[in-house]
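Enquirer: Provided below for reference: sequence and predicted model.
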Amino acid sequence: MSKAIKIIAASALIAVLAMVALLSYVILAIDPNDYKPRIEDAARAQGVELDIVGKVGWSFFPSIAIQLGETRFESELHGINPSSLEQMNLALGWWELLQRRLAVKAMAINGADLHLARSDSAAAIATVPATGSEPLTSDDGRGLALAVDQFTVANSRLRLEQDGETIVIDNIRLDVSDASLDGDPFPVGADFDYRSGDGALGFGLTALLGFDQQSGKLLINNALLNITGFLPQAVKVLVSADIDTHQQQARITSLTASVGKTRLEGRATFNNTPPRSLDINLKGNQLDTSDLLAATAAGADTDAGQDSEPVPAENDASLLAPLLAPLALLDGGKGRIELAMEKVVHDGIELGSPHLVLDIADNQLHVRELTAEIFGGALATSGTVDARAATPRLSFDQQLTAIDLGAALSALAQDVDVTGTLNLSIKGESSGADADTLLANLGARGNLSVENPVLAAFNIEKSYCELAALVEKNPPRQTPWPAGTQLNSLTSQLRIADGILYLDDYSTGMGNLKLRGSGEVDLVKQRFDILAITRLEGDHTSADGCAVKSKRVRDKDIPLRCQDTFATAGAGSCKPDPAFVNNLLQDEVIDKLRDKTNLDDDKADAIEGLLRGFLGGKKGND
């Protein structure tokens, strides 16, 4: 047994020594620097000026390879500005090496800095690791062979100059195995950071690709894309697609996107040959912006309990950007985008079953349908975004039906205790790209009605009766007044101009009290100023109200004024008009003077004029 072991061990040792001797011979016999001119000539034949500045040497771990030092290159033909790489390893095939031939089986690039002059250069360079199943050899059969089984890139950067803007793709890591151009699938993994003037995004990709160079078709199977930096939470996209590079057509057969609890599924097609066309169809479960913007919300929580002015959303500066993007992509072509969700929640406002349909044609985006359930009622909107001029223009037609006014106001402001059922129809147009400009240029007209309106914190009848009691010297009412006011249905015309909503004429009432008026709501400064004119028709405000005999109150217009900001509006926002109350008190004082002085009418009128001039009033509450 021991003799057999010795024989085996001796044989193994001899084999190893033979291999070492053979490898030493090959290494000594082949100087890789001799291949510098051939490599540079081969690159020059392909329109690339290549300069291998560093030395070319052998590397033995983890496999035998030729190591190229610093290398510089550029190509006017391929749109490559002066670029460089720190190091490139070319893993070699053993069998070819023993025949004194170099056959590159794997390529590893480290520290590349690639500077492209145009975007189509990237597509050409991407095919470098995919050279087909047959190795490339020199004419004498003893030169350089290239059949890359694995292609890796690390610690690299790509710069692209396009339309006066520099786009940087940094920290590139790429791993491609068994790449080919004959349509066979091969795995791809990549990580990189994308930077432009708008910010930075991180991308991670794993995919199974297949590219047929002859037909120009690229197949993408179950590509998983992970995007960070766009939102506080990572966006994950799983997609399968086929792309025809010759016809410039792309078809996404399966798309699933998720971020947090939100999940979208759908499909899309795009044709890049004029006239361009786009078709996107997406369906989702739910979207809650407070979940998506968790980091922002967390920062806001640190100021909880402190009064502060509302902070405008950062994306208000480019409010139309998401709508203008498809127009720019199609550049006069046609498209259709459809999105349906189960629920969308933003700033506490919930939209149930929102459905959006957009049609694109002739640089115009038509909102064919935007519907949703909101505040117990329904929203329906249509409109157009016209990008044919330098400044985008939009027009819209919106309907709000059976809206719970109490729920809506609670979501939009604090302590505005008004309830009822709102119906609104409004048409308008504006121009601009950001929220402030659109609001400033907004012009609209419409009608609104509120069924069964209730002012929970303000009793109009109580205020009227207290004013009448002041004139008639009635004793205080013993029965407590209800806290609020139940009004008749309210109707009004409205218009919007210069950022202000005008209620030109509204009417309502309660009992024998009629209520009408007008007002302004400043949408920019978030303030309102509403004039409410009450008038008693009869001698009682209502069956449970008060009797009124004084002609100074009865059958006269008595104004109430509601003034406040959205943030501070409440029960104290509405008060009798100070000028009216002042005149009413002056009337009482002057009447008493007339009764006690027995002056003739001319003298009495003269004294009344002096008093009213001094007190700032006018005669008769006119």
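Expert: Structure's in. What do you need? Source: prediction; values computed, not measured. Numbers count the residues shown, from 1 in each chain.
Enquirer: Which elements pack onto the longest strand seen in the chain?
Expert: For the chain, the longest strand by residue count, based on DSSP state E, is strand 144-162. Secondary-structure packing of strand 144-162 (3 or more C-beta pairs under 8 Å, 6 or more residues apart in numbering; DSSP states H and E): helix 36-45, strand 80-92, strand 102-116, strand 165-177. Heads up, the C-betas are built off the backbone N, CA and C, glycines and all.
Enquirer: Adding distance to Tyr464 and mean neighbour count, write those out as a markdown table.
Expert: What follows is the helices and strands packed on strand 144-162, written out as a markdown table (distance: least, C-beta to C-beta, whole Å; neighbours: other C-beta atoms under 10 Å):
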| stretch | distance to Tyr464 | mean neighbour count |
| --- | --- | --- |
| helix 36-45 | 94 | 14 |
| strand 80-92 | 81 | 19 |
| strand 102-116 | 78 | 19 |
| strand 165-177 | 66 | 16 |
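Enquirer: Could you save these as a markdown table and add columns showing distance to Arg477?
Expert: Putting the helices and strands packed on strand 144-162 into a markdown table (distance: least, C-beta to C-beta, whole Å) gives the following:
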| stretch | distance to Arg477 |
| --- | --- |
| helix 36-45 | 101 |
| strand 80-92 | 88 |
| strand 102-116 | 85 |
| strand 165-177 | 74 |
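Enquirer: tell me the SS of Glu466?
Expert: helix (DSSP: H, G, I helix; E, B strand; the rest coil).
Enquirer: number of nearby residues for it?
Expert: Look at Glu466: counted by other C-beta atoms under 10 Å, it has 16 neighbours.
Enquirer: Please, where are all the strands along the stretch 401-550 of the chain?
Expert: 418-431, 443-455, 485-486, 490-497, 500-510, 513-522, 527-536 (DSSP state E, counting those that start in this stretch).
Enquirer: So in this structure, where's the weakest helix or strand by average pLDDT?
Expert: helix 294-301 (a mean of 42; mean pLDDT, DSSP states H and E).
Enquirer: what's the offset of the host helix or strand of Ile337 from the middle of its chain?
Expert: Assigned by DSSP states H and E, Ile337 belongs to strand 334-346. Chain-centre distance of strand 334-346: 13 Å, with C-alpha atoms, centre = their mean, to the nearest Å.
Enquirer: Touching it from outside, list them.
Expert: Here strand 334-346 makes contact (C-beta atoms under 8 Å, 6 or more residues apart in numbering) with 275-290, 326, 350-361, 372.
Enquirer: Let's see the PyMOL selection covering just the buried ones among those residues.
Expert: With 16 or more other C-beta atoms under 10 Å as the burial test, the buried ones among the contacts of strand 334-346 are selected in PyMOL as follows:
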select buried, resi 276+277+278+280+282+284+287+288+289+326+350+351+352+354+356+357+358+359+360+372
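Enquirer: Show only the entries of the contacts of strand 334-346 found in strands.
Expert: The strands, defined by DSSP E, take in 277-288, 350-361, 372 from these.
Enquirer: all helices for the stretch 201-350 of the chain, in order.
Expert: 289-292, 294-301, 321-330 (DSSP state H, counting those that start in this stretch).
Enquirer: which sections of the stretch 501-622 of the chain are below the confidence cut-off?
Expert: 569-571, 579, 581-622 (pLDDT under 70).
Enquirer: which stretches of it form helices?
Expert: 578-597, 601-615.
Enquirer: Any chance of CSV for the strands of the stretch 401-550 of the chain, columns mean neighbour count and distance to Lys36?
Expert: Shown next, in CSV, are the strands of the stretch 401-550 of the chain (neighbours: other C-beta atoms under 10 Å; distance: least, C-beta to C-beta, whole Å):
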stretch, mean neighbour count, distance to Lys36
strand 418-431, 18, 63
strand 443-455, 17, 72
strand 485-486, 20, 94
strand 490-497, 17, 74
strand 500-510, 17, 76
strand 513-522, 18, 76
strand 527-536, 19, 77
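Enquirer: could I get those strands as TSV with distance to Leu339?
Expert: TSV is the format used below for those (distance: least, C-beta to C-beta, whole Å):
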stretch	distance to Leu339
strand 418-431	23
strand 443-455	25
strand 485-486	42
strand 490-497	28
strand 500-510	29
strand 513-522	31
strand 527-536	35
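Enquirer: correct me, but Leu409 touches Gly420?
Expert: No. Look at Leu409 against Gly420 with C-beta atoms under 8 Å: they stay out of range, at 9.8 Å.
Enquirer: Give me the common contacts of those two.
Expert: By C-beta under 8 Å, 6+ apart, no residue touches both Leu409 and Gly420.
Enquirer: for the nearest residue to Leu218 once chain neighbours are set aside, what are its contacts?
Expert: Nearest residue to Leu218, sequence neighbours excluded (C-beta to C-beta, 6 or more residues apart in numbering): Ile243, at 4.4 Å. When contacts are counted by C-beta under 8 Å, 6+ apart, Ile243 touches Lys217, Leu218, Ile220, Gln249, Ala250, Arg251.
Enquirer: can you pull the pLDDT of the third one?
Expert: Reading off the per-residue confidence, Ile220 sits at a pLDDT of 93.
Enquirer: what's the answer for the fourth one, then?
Expert: Each residue has a pLDDT score; the one for Gln249 is 93.
Enquirer: before we move on, what about the one 5 residues further on?
Expert: We note a pLDDT of 95 for Ser254 in this prediction.
Enquirer: which ones are touching it?
Expert: Contacts of Ser254 (C-beta under 8 Å, 6+ apart): Leu238, Val239, Ser240, Ala241, Arg267.
Enquirer: The longest strand of the chain to strand 165-177, inter-axis angle?
Expert: 150 degrees (axes from the mean of the first three to the mean of the last three C-alpha atoms, to 10 degrees).
Enquirer: chain center to strand 144-162, what's the gap?
Expert: Put simply, strand 144-162 sits 34 Å off its chain's centre (C-alpha atoms, centre = their mean).
Enquirer: Rounded mean pLDDT for it, please.
Expert: For strand 144-162, the mean per-residue pLDDT is 76.
Enquirer: coming back round to it: same list (the contacts of Ile243) but as a markdown table, adding neighbour count and distance to Arg552.
Expert: Below are those laid out as a markdown table (neighbours: other C-beta atoms under 10 Å; distance: C-beta to C-beta, whole Å):
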| residue | neighbour count | distance to Arg552 |
| --- | --- | --- |
| Lys217 | 17 | 90 |
| Leu218 | 16 | 87 |
| Ile220 | 21 | 83 |
| Gln249 | 16 | 82 |
| Ala250 | 18 | 79 |
| Arg251 | 15 | 80 |
